[in-house]
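Participant: I would like the atomic coordinates for the input below:
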Amino acid sequence: MTTHSTGGSGVKPEDIAPSLKGIKYVIFPDSRFAQVWDLLMICVIFYYTFFIPFNFGISGGYYMHSSTAWFAFNVVVNLIFLFDAFLQFFRAYRDDSGTLVFSLVAIRKNYIRSGWFFMNLLASFPTAMFLAAVVDDADPLDSDLVGF
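Facilitator: Numbering: from 1, shown residues only. A predicted model of the protein is given here:
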């Protein structure tokens, strides 16, 4: 009979149980990192609930076009969304029966099948850079640019 001890012997979790392969890369829902990240994402989404209507409805894109700082901030927000889409491939989740799923293969399959991957990918589209490329030196208050 062989026993395994992980106490400094260099035994990997997958040597003990194959289902634990890659567990060091899994982000568990109760981890401090996951909680802080989720709070950051709530703040970013809250920001977007005001930014999008203001940018396209009230300012007509003026601040995005005229302010480098505003443009850079929005590029950073897009990068946060892109990083979040990537992180979801490593986040453990609870299935319908309440069991915590931490297999990386199962996490990735579930994320793609759920449709959230494509939604997150769409949310991370760099709209600020796209608008800057399209508008370039045009007048940001020109109503033809926003379709009015």
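Participant: if I look at Met119, how far off is Ala34?
Facilitator: 19 Å (C-beta to C-beta, to the nearest Å). C-beta coordinates here come from the backbone N, C-alpha and C atoms, glycine included.
Participant: More neighbours: which of these two?
Facilitator: Using other C-beta atoms under 10 Å as the criterion, Met119 and Ala34 rank with Ala34 on top: 16 against 11.
Participant: could you say which helix or strand contains the more buried one?
Facilitator: For Ala34, the host element (DSSP states H and E) is helix 32-53.
Participant: what does Asn78 give?
Facilitator: Element membership for Asn78, per DSSP H and E: helix 68-87.
Participant: so after that helix, what's the next helix or strand?
Facilitator: strand 93-94.
Participant: residues in contact with that next one?
Facilitator: Identification of contacts with strand 93-94 by C-beta atoms under 8 Å, 6 or more residues apart in numbering yields Pro29, Leu100, Val101, Ile107, Asn110.
Participant: partners of the helix or strand that that strand is followed by in the sheet?
Facilitator: Where DSSP H and E defines the elements, the next helix or strand beyond strand 93-94 is strand 100-101. Paired neighbours of strand 100-101 in the sheet (DSSP bridges): strand 93-94 (antiparallel).
Participant: avg pLDDT for the partner strand?
Facilitator: Averaged across strand 93-94, pLDDT comes to 93.
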